[in-house]
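Novice: This is the structure alone, sequence omitted:
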């Protein structure tokens, strides 16, 4: 496997824990959105926004599986129709540049109605129309495997798409309910791209051929490493302030120097403490911090492991950890009040949010000690006794003394493996602190840290197929419409479920019910019931919501860290 990590935590866990926390002194406060918001009247007309991108895209079609990239998604959001806008609390409104209405008109069968803006058109002159929606279904519905799609989620639920009473109406009839229906058709693709698999898969690899946003693809300069977008001359909405948006292709390690040399105007520094330290006192720059983003960190628990299949052991793990310390060490530099993740499904600020963590959110060593004893894992009191491997027991560490259990030997030491990827300080911090907390008395769990190559982390070890880990930390991303996507992470049969057997039949049925519920209030209630049960079953250990942090030139306005809010590309500009 990987390299077993030796650390000072074996001897001085408190000192290491303390030093890590002191290194994370908060640098600034935060809010839901931090974009240097300015009225358009205070901004210049014209100019070029310079943004970094790590590599040249190999696919500009965001619905193709090779186009699933945050940089591409942001790039294409200025060019493709985004039917809905979100505010900083995740509240959705229709984007009137494209549609005047998107409603559910019937619940049985579930029927949706979209009213198009008659001015909306592609840059090739074709109106945005029924054919674009029909084409999306053809490509994303899942019936033709030759379309190399990102996902058929939601689209496989559609029975038909037809014209309404007027030329601007689109009627979508579902074959089975889809609760997060508002996320459908964003971004919208042109019918010219979805007509057949070869076109869908290949024609936008080199460049996007049409636009229906405020900006239009202009050129790629491979010698200079740049991708340029210009104002769309056929855009019918508010005229953008900027003349150009240019992406500079830069490896991560070159981006700070590029920012300092005015080669880019923006840099995402989420989880990059080193950059924060270097720029926070530079008067050229503004640091934009948002307390919570869509990304949240967690520790996955492989419940197919013989030890972790025991609910009491998993619950003891949850209660053994000081989540506040784990949160502070990794996010404290970015925000003054980091947010522990107390709801897996909804983010703080969303209408459905409630703290579902109950008694599981705070460290409770006494209860964890009791649970481990009850599960048959008791601390050694005599170092002359032998464990299952013939070695002397370590006083204070736990060994199995319970009834016969499949996969567990009498006197077996309670040893677990925590995998983390090389070169990732955040994940190493989490591993080190978790090890310190679990090895400490009276918990006494022998947590072995295993560092594996970053390129192999998910491919070979941390995935739902190989399950080559006991514990592992990584992040998930929530969405503005999170119920369906979240349920995919927890349904027992899902290919995205990393924890597997910690989903009992009753909870799995509740998950399916939440996915199918169309009433918004009932859906919130069911989703929060699911999360309450996930806490009770110790499915995983949610840690914290990642703050979003970025650095921008002081003159850049209406751009930075958006949180849940949508970018309004027409308002991005530079101060006068």
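Specialist: Sure thing, it's come through. In this text the structure is predicted, and so the values were computed from the model without any measurement.
Novice: tally of neighbours for residue 463?
Specialist: Residue 463 sits with 16 neighbouring residues when counted by other CB atoms under 10 Å. Every residue, glycine included, has its C-beta placed from N, CA and C.
Novice: Tell me who's in contact with it.
Specialist: Taking CB atoms under 8 Å, 6 or more residues apart in numbering, we find residue 463 in contact with residue 498.
Novice: quick one: low-confidence parts of this protein?
Specialist: Applying pLDDT under 70 to the chain flags residues 1-30, 271, 333-336.
Novice: Please report the distance of residue 515 from residue 482.
Specialist: Taking CB to CB, to the nearest Å as the measure, residue 515 falls 12 Å from residue 482.
Novice: same question, residue 299
Specialist: As for residue 299, its distance to residue 482 is 20 Å (criterion: CB to CB).
Novice: go on, residue 283?
Specialist: According to CB to CB, residue 283 and residue 482 sit 39 Å apart.
Novice: try residue 59
Specialist: 26 Å.
Novice: ditto for residue 374
Specialist: Computed as CB to CB, the residue 374 to residue 482 distance reads 35 Å.
Novice: More neighbours: these two, which one.
Specialist: Neighbour count, other CB under 10 Å: between residue 374 and residue 482, residue 482 has more, with 22 against 14.
Novice: Let me see the contact set for residue 508.
Specialist: The contact partners of residue 508, by CB under 8 Å, 6+ apart, come to 491, 492, 493.
Novice: Just say helix, strand or coil for it.
Specialist: In three-state terms, and counting by DSSP: H, G, I helix; E, B strand; the rest coil, residue 508 is helix.
Novice: do the one 4 residues further on as well
Specialist: Classification of residue 512 using three-state DSSP returns helix.
Novice: let's number from 42 now, not from 1
Specialist: OK, 42 is where the count begins now, so the last one is residue 553.
Novice: Now it: closest residue in space, sequence neighbours ignored.
Specialist: residue 532 (7.1 Å; CB to CB, 6 or more residues apart in numbering).
Novice: before we move on, what about residue 404?
Specialist: residue 363 is the one closest to residue 404 (CB to CB, 6+ apart), at 4.6 Å.
Novice: hmm, back to that, pretty sure the residue nearest to residue 553 is touching residue 552, no?
Specialist: Yes - checked against CB atoms under 8 Å, the pair residue 532 and residue 552 is within contact range at 5.1 Å.
Novice: quick one: common contacting residues for these two?
Specialist: Shared contacts of residue 532 and residue 552, counting by CB under 8 Å, 6+ apart, come down to residue 544.
Novice: Settle it for me: which of the two has more neighbours?
Specialist: Using other CB under 10 Å as the criterion, residue 532 and residue 552 rank with residue 552 on top: 26 against 18.
Novice: list the contacts for residue 260?
Specialist: Residue 260 is in contact with 268, 269, counting by CB under 8 Å, 6+ apart.
Novice: May I have the secondary structure class of it?
Specialist: Going by three-state DSSP: residue 260 is strand.
Novice: May I have the beta-bridge partners of the closest residue to residue 213 other than its chain neighbours?
Specialist: Closest residue in space to residue 213, ignoring its immediate chain neighbours: residue 153 at 4.2 Å, by CB to CB, 6+ apart. Following DSSP bridges, residue 153 is listed with bridge partners residue 145, residue 213.
Novice: how close does residue 153 sit to residue 407?
Specialist: Remark: distance between residue 153 and residue 407 (CB to CB) = 52 Å.
Novice: Comparing the two, which shows the higher neighbour count?
Specialist: Taking other CB under 10 Å, residue 153 and residue 407 do not tie; residue 153 has more neighbours (21 against 9).
Novice: Which elements pack onto the helix or strand containing residue 366?
Specialist: Per DSSP states H and E, residue 366 falls inside helix 364-372. For helix 364-372, the elements it packs on are helix 54-63, helix 466-480, strand 581-586, judged by 3 or more CB pairs under 8 Å, 6 or more residues apart in numbering; DSSP states H and E.
Novice: Please name the nearest non-neighbouring residue to residue 398.
Specialist: Residue 398's closest residue in space is residue 383 (CB to CB, 6+ apart), at 4.3 Å.
Novice: now swap in residue 275 and tell me
Specialist: Nearest non-adjacent residue to residue 275, counting by CB to CB, 6+ apart: residue 164, 5.3 Å away.
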